[in-house]
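**Student:** Whatever this is, show me its structure:
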Amino acid sequence: MARAELDESVPRWDPMEQAEIDARGIATRELNDRLRDLMKAGIEHVVLKNVCGQRYIGTRLYTPEKKKMEIEIFGTPGNDLGAFLYGHNIRVHGNAQDGVGNTMDDGEIVVEGRAGDVLGMSMRGGKIFIRDNVGYRTALHMKEFEDKKPLLVIGGTSQDFLGEYMAGGTVILLGLGDRTHLANHIGTGMHGGAIYLRGAVDPSQVGKEVAISPLSDPDRELLKKHVGEFVSNFPELNLDLSEIMKKEFVRLSPRSKRPYEKLYTY
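**Tutor:** Sure thing, here's the model as predicted:
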């Protein structure tokens, strides 16, 4: 496998610790088998070129030794990119389809474009950064446990049902380019975590389980940290953190940890 020819902006790796795969015409199972074999062989950085719809990239990469791998994707990965991701880092030079970060446990996914529906579904740890917009039901049933607190930062905005049944974690929508947040049913069934929207949202757009409030000082510190990470991940946008933070944010949080308590039998 030849060494990838990368831009100067991409970190250089020891050629003995990296590999390149031309994914053109390779089926999903074979591609993922190759990734697993490379990781077990000690390869730490893999460049995938000509990716076109192959699913589950980054899945099945758990080892008892907790080996880590950087996966750089050129093309459009298929559904469930990084599903059950266990500590690896994935960067997509392009768009991603549905189910990015499905039940992700740890690691980081960066998408230099948009992502489809059910982004971060049941995500329980790690970080996802999406440069542009996302589809429906983003952060569906996102959750957290003890020190596992997932983070999702979106440069654009989302479609309906953002944060549906959200149980934990942090979602940040930046609405860059003065994109208006038009989604409805935001936070329906939400019972944990927080959603931060840069710009305005009407009460009619959120679920009845959701409270809209201004930011506290700890909220602002959290946003500066994570929006700063977003800025660093997308240098091509030439963003200024202080300019982004000048626009007002609102916090969406659950009114109750048991929004459907009256429907329970116990």
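**Student:** Contacts for stretch 185-193, please.
**Tutor:** 142-144, 160-171, 195, 201, 205-207, 209-210, 252-254, 256-260 (Cβ atoms under 8 Å, 6 or more residues apart in numbering). Every residue, glycine included, has its C-beta placed from N, CA and C.
**Student:** what about that stretch, start to end distance?
**Tutor:** 16 Å (Cα to Cα, to the nearest Å).
**Student:** just the buried members of the contacts of stretch 185-193?
**Tutor:** 142-144, 160-171, 195, 201, 205-207, 209-210, 252-254, 259 (16 or more other Cβ atoms under 10 Å).
**Student:** Of these, which belong to strands?
**Tutor:** Counting by DSSP state E, those place 167-171, 195, 210, 252-254 in strands.
**Student:** And those residues, which is closest to L223?
**Tutor:** Nearest to L223 among those is T170, at 9.3 Å by Cβ to Cβ.
**Student:** Show me what the closest one bridges to in the sheet.
**Tutor:** Beta bridges link T170 to L151, A194 when assigned by DSSP bridges.
**Student:** Domain-wise, how is this structure divided?
**Tutor:** Residue ranges for the structural domains of the chain, counted by automatic domain parsing, are given in the record as 1-69, 79-261.
**Student:** among the ones you listed, which is the most enclosed?
**Tutor:** Of all the domains of the chain, domain 79-261 carries the top mean neighbour count, a mean of 20, counting by mean count of other Cβ atoms under 10 Å.
**Student:** how about the helices in the protein?
**Tutor:** Using DSSP state H, the helices found in the chain span residues 28-40, 217-233, 241-246.
**Student:** Kindly reformat the domains of the chain as JSON lines containing mean pLDDT.
**Tutor:** Output for these, formatted as JSON lines (pLDDT from 0 to 100):
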{"stretch": "domain 1-69", "mean pLDDT": "83"}
{"stretch": "domain 79-261", "mean pLDDT": "95"}
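**Student:** re earlier: with distance to F84 added, can I get the helices of the chain in a markdown table?
**Tutor:** Shown next, in a markdown table, are those (distance: least, Cβ to Cβ, whole Å):
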| stretch | distance to F84 |
| --- | --- |
| helix 28-40 | 12 |
| helix 217-233 | 22 |
| helix 241-246 | 32 |
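**Student:** To G53, which of those lies closest?
**Tutor:** G53 sits nearest to helix 28-40 of all these, at 8.3 Å, using Cβ to Cβ.
**Student:** outside of that closest one, which residues touch it?
**Tutor:** Contacts for helix 28-40 (Cβ under 8 Å, 6+ apart): 19, 21, 23, 26, 46, 48, 54-61, 63, 67, 69, 71, 78.
**Student:** can you do 10 Å?
**Tutor:** If you take Cβ atoms under 10 Å, 6 or more residues apart in numbering as the criterion, helix 28-40 is touched by 1, 18-19, 21, 23, 26-27, 43-46, 48, 51, 53-63, 65, 67-69, 71, 77-80, 88.
**Student:** Contacts only, for I154.
**Tutor:** 111, 114-115, 119-120, 128-134, 138-139, 162, 171-176, 230.
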